[in-house]
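Engineer: Turn this into a structure:
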Amino acid sequence: QVQLVESGGGLVQAGGSLRLSCAASGRTFSSYAMAWFRQAPGKEREFVAAFSWSWSGGDTSYVDSVKGRFIVSRDNAKNTVYLQMTNLKPEDTAVYYCAAQLYGSGARQAGSYIYWGQGTQVTVSS
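Structural biologist: Numbering: from 1, shown residues only. The predicted structure follows:
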């Protein structure tokens, strides 16, 4: 069982930055692929970024709309995954969720992840 707790959301003006954190419980954090999804009102949950699992440390992937603006990273010693968001746009406004999948490939489908956090609101004003 893994419990995930997101933090770091808030209100920011367009062009600003935020760093989201997702703290995970458990001793095997390094064995999990970690991902960020977001859901805007009236829309489906959308893949944002992932850090896959592999013996060599894993790879990162991003949805095209955030490439060059968002960076996903992880600190296995702190059981935490981060999403650094820069040059934020109003269309980035959503509830952001982190998700975990044991030995995962960093899939872009929400159904591939068993463990989810409660979400943190990010609002970008124009």
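
Engineer: Geometric centre of the protein: which residue is closest?
Structural biologist: Nearest to the geometric centre of the chain sits W36, at 2.3 Å (Cα atoms, centre = their mean).

Engineer: Quick check: beta-bridge partners of that residue?
Structural biologist: Under DSSP bridges, the beta-bridge partners of W36 are A49, C98.

Engineer: In contact with it: list those residues for me.
Structural biologist: Residues in contact with W36 (Cβ atoms under 8 Å, 6 or more residues apart in numbering) are L20, C22, V48, A49, A50, V72, V81, L83, Y96, Y97, C98, A99. Heads up, the C-betas are built off the backbone N, CA and C, glycines and all.

Engineer: Please repeat the previous calculation with a cut-off of 10 Å.
Structural biologist: 6, 20, 22, 46-51, 62-63, 66, 70, 72, 81-83, 85, 96-99, 117 (Cβ atoms under 10 Å, 6 or more residues apart in numbering).

Engineer: Show the buried residues in those.
Structural biologist: 6, 20, 22, 47-51, 62-63, 66, 70, 72, 81-83, 85, 96-99, 117 (16 or more other Cβ atoms under 10 Å).

Engineer: Quick check: F37 touching Y113?
Structural biologist: Yes: judged on Cβ atoms under 10 Å, F37 makes contact with Y113 at a distance of 8.2 Å.

Engineer: who touches both of the two?
Structural biologist: Each of A50, Y97, C98, A99 lies in contact with both F37 and Y113 under the rule Cβ under 10 Å, 6+ apart.

Engineer: what pLDDT does the third one get?
Structural biologist: C98 is assigned a predicted lDDT (pLDDT) of 98.
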